[in-house]
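sequence first, predicted model second:
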Amino acid sequence: MALQQSFEFDKVPEVKKDKTPEEEFKEFWGEPISVYTRKQAIEDGFLVYVGDYVVGDDTKIGVCFTSNLFSGGGYEDLERRKWLVNHGIQRLKEKDPQDSSSMRLRVLKDPSDPEERDIWVVLDGDGITFERPEDY
């Protein structure tokens, strides 16, 4: 089980919620064949819930890592994980023309990774997820 931690944070960019991710999906693709929720991914062990970012006084944004990144990337270490989460949040605060009304994606590199592999940080209506591209 992951060590759960609440982090204080001044401002996380808001993702507009004109439409839910489900509504946007259905509008673009039609009815889904099946749905795999974040909750199911955590229960199945695909995602590791590591804590919440607290925005303001009461808004919590759940933070997850894919199990591949968490275990295989050495992010079981709390200090290393905090560094990556803080770096990812800072990058999410930067505006990008590719941002949609329901999602932001940033590509990070961990300087302590000798292979310098990409790490994706995704902010969507479900929370913040850190993952390797191959985990998508």
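Sure, I can see it.

name the nearest residue to Gly45, sequence neighbours excluded.
Leaving out its chain neighbours, the residue that sits closest to Gly45 by CB to CB, 6 or more residues apart in numbering is Ser67, at 5.7 Å. (Each C-beta comes from the backbone N, C-alpha and C, glycine too.)

where do the helices of the protein begin and end?
Assignment of helices within the chain using DSSP state H yields the ranges 21-29, 38-44, 67-72, 78-93.

could you point out which of those helices sits nearest Gly125?
Comparing the helices of the chain by their distance to Gly125 (CB to CB), the top pick is helix 21-29, with 4.8 Å.

which residue, other than its chain neighbours, is closest to Val63?
Nearest residue to Val63, sequence neighbours excluded (CB to CB, 6+ apart): Ile128, at 4.8 Å.

before we move on, what about Arg81?
Ranked by CB to CB, 6+ apart and with sequence neighbours excluded, the top spatial neighbour of Arg81 is Tyr75, at 4.5 Å.

same deal with Cys64?
For Cys64, ignoring the flanking residues on the chain, the nearest one in space by CB to CB, 6+ apart is Leu47 at 4.2 Å.

which residues does that neighbour contact?
38, 41, 64-67, 129 (CB atoms under 8 Å, 6 or more residues apart in numbering).

of all the helices of the chain, which one is nearest Glu134?
Sorting the helices of the chain by CB to CB, the top spot, which is the nearest, belongs to helix 67-72 at 7.5 Å.

just the CA coordinates for the closest one, please, in PDB.
Listed in PDB are the C-alpha atoms of helix 67-72, where the atom choice follows Å, rounded to 0.1, in the frame of the first residue of the first chain:
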ATOM      1  CA  SER A  67       1.900   0.800 -10.600                       C
ATOM      2  CA  ASN A  68       4.500   0.400 -13.300                       C
ATOM      3  CA  LEU A  69       5.900   3.900 -12.600                       C
ATOM      4  CA  PHE A  70       5.400   3.700  -8.900                       C
ATOM      5  CA  SER A  71       7.300   0.400  -8.400                       C
ATOM      6  CA  GLY A  72       9.500   0.300 -11.400                       C
END
